[in-house]
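Participant: Give the three-dimensional model of this entry:
(2 chains)
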Amino acid sequence: MIPGAFAYHRPSSVKEAVGLLAQYGDDGRALAGGHSIIPMMKLRLASPGHLVDLAGIADLKGVRTDGGDIVIGAMITQHELIASDLLTAKIPILRETSLQVADPQVRYLGTLGGNVANGDPGNDMPAVMLCLNASYEVTGKRGDRRIGAREFYQGAYFTLLEPGDVLTAIRIPVPPAGHGYGYEKLKRKIGDYATAAAAVVLTMVGSKVGTCSIGLTNVAETPLWAEEAAEILIGSALDGATVKKAVAAAEAITAPASDARGPAAYRTKMAGVMLTRALARAKLRARGA
Amino acid sequence: MAKSQVSMKVNGKTIEALVEPRTLLIHFLRDQQNITGPHIGCETSHCGACTVDLDGKSVKSCTVFAVQANGSDIRTIEGMANADGTLHALQEGFREMHGLQCGFCTPGMIVRAYRLLQENANPSEEEIRYGISGNLCRCTGYQNIVKAIQFAAAKLAGVPFQEAAE
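Facilitator: Sure thing, here's the model as predicted:
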């Protein structure tokens, strides 16, 4: 499998990368970890004439706190994310999710920025970003802007990124200390995309749910933020009847494709099962205020 | 398309070459450098037969362009044996524990297991299975591969290898 010919660029600054991507327009693509674009190029589903490798840009690395947010450089690899003490302590759902992405070799090179920017509904991180109310810092021809993850995904492989844009960082408001979390993913085998997966972050006040946010992976053209399901749960003790009602609300917003991972109805039900499990796990982990 | 000049260290030896940007690292190693230990299995980033160690990371060399590896330090199965020609503990483990049958996945398995043991010198069975989950073997059922890696971990730590009861 030999990809189509292309010219390789390795800029050392975001400005230079944006200039190259703006110059080549639709014929240019950014290269992060390469584990989505290179397979696509091998299959000739993508044939960019210019690849702009972001690996040489130091500004796209690193994790820092900024007030109540954590800002993660887009080129952090899944492997580095898993090893980050700061992220594990403050936003542990990231590590839990990363450990379920693909396999070790892919995680050594695959990046968080690539995972969220590509717009592949099979990717795990976008739903987690909806759940966490993350935003993406983007530099483009017209300067810098910030896009909320909950607005970012428009369709399969279709996002608010424009030609010439580079997603430089992921900004995540740190959830309250003592929050509960869970990312539950059903997959056929290691390395597979989810049949369905659910991300939950919640806080407990005594025995009641104080706040709750839910994201769903690979059960629609985009990742889903299950706002209504979360609202149903807030104020409840996560009793069986309320959870059932919330799961039904989450299932109602899914629109999965029937494919090798199963018929649509099955995948919708599995989204509900994953959500039920993620809620149970999040509750166990939450320390009540 | 203009070729790019690349320079990288492979198994301790510096290689300089001109490559087309679209040349995958596995093709560069096998076809241009005659380093045929890393195998082409699926060529779709799944099987791990092409795994090489690149700057301290296990990577699937079918999913990396040679130009991306410019300036890197790479180790393949050819670079695993000790300088005096004796086998690396992992190679010995695979031989002693029958960790291979057809042998096609073995170069990738051993190179991956090498990095795993660098990061975790005393992995549990579960950690080994998780750590090699990006490498497929269609012969062994993995049982003996796990034992081979346990053998190597024990040998490298200088302790006797205790096979777990079946």
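Participant: Name the nearest residue to whichever residue of chain B sits closest to chain A, ignoring sequence neighbours.
Facilitator: Nearest to chain A in chain B, going by Cβ to the nearest Cβ, is residue B:134, at a distance of 3.1 Å. Every C-beta, even on glycine, is put in place using the N, C-alpha and C of the backbone. The shortest distance from residue B:134 to any residue other than its chain neighbours is 3.1 Å, reached at residue A:103 (Cβ to Cβ, 6 or more residues apart in numbering or on different chains).
Participant: end to end, how far does stretch A:147-164 reach?
Facilitator: 15 Å (Cα to Cα, to the nearest Å).
Participant: any idea how far residue A:107 lies from residue A:219?
Facilitator: Taking Cβ to Cβ, to the nearest Å as the measure, residue A:107 falls 23 Å from residue A:219.
Participant: about what we covered before: OK, contacts around the residue nearest to residue B:134?
Facilitator: A:190-191, B:48, B:133-134 (Cβ atoms under 8 Å, 6 or more residues apart in numbering or on different chains).
Participant: And residue A:146, by the same measure?
Facilitator: Here residue A:146 is in contact with A:135-138, A:171 (Cβ under 8 Å, 6+ apart).
Participant: can you pull the buried residues of the helix or strand that contains it?
Facilitator: Residue A:146 belongs to strand A:143-148 when assigned by DSSP states H and E. Within strand A:143-148, the residues that qualify as buried are residue A:147, counting by 16 or more other Cβ atoms under 10 Å in any protein chain shown.
Participant: got any ranges where the chain has weak pLDDT?
Facilitator: You didn't say which chain, so I picked chain A. Applying pLDDT under 70 to chain A picks out residues A:289.
Participant: please go with chain B instead
Facilitator: B:165-166.
Participant: Mind checking what secondary structure the spatially most central residue of chain B has?
Facilitator: Nearest residue to the geometric centre of chain B (Cα atoms, centre = their mean): residue B:111, 2.0 Å. Classification of residue B:111 using DSSP: H, G, I helix; E, B strand; the rest coil returns helix.
Participant: I'd say it and residue B:80 touch.
Facilitator: Yes - between residue B:111 and residue B:80 a contact is recorded at 7.2 Å, counting by Cβ atoms under 8 Å.
Participant: quick one on the thing from earlier: could the contacts of residue A:146 go into a markdown table alongside neighbour count?
Facilitator: As requested, the contacts of residue A:146 are exported to a markdown table (neighbours: other Cβ atoms under 10 Å in any protein chain shown):
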| residue | neighbour count |
| --- | --- |
| A:135 | 22 |
| A:136 | 25 |
| A:137 | 18 |
| A:138 | 23 |
| A:171 | 19 |
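Participant: out of residue A:107 and residue A:219, which sits in the more crowded spot?
Facilitator: residue A:219 (29 against 23; other Cβ atoms under 10 Å in any protein chain shown).
Participant: Which stretches in the chain count as strands?
Facilitator: Answering for chain A, as no chain was given. For chain A, the strands defined by DSSP state E occupy A:7-9, A:28-31, A:50-53, A:63-66, A:69-73, A:135-140, A:143-148, A:153-155, A:158-159, A:166-173, A:180-186, A:196-205, A:208-217, A:224-225.
Participant: nope, chain B
Facilitator: Using DSSP E, strands in chain B cover B:4-10, B:13-19, B:51-54, B:57-60, B:73-75.
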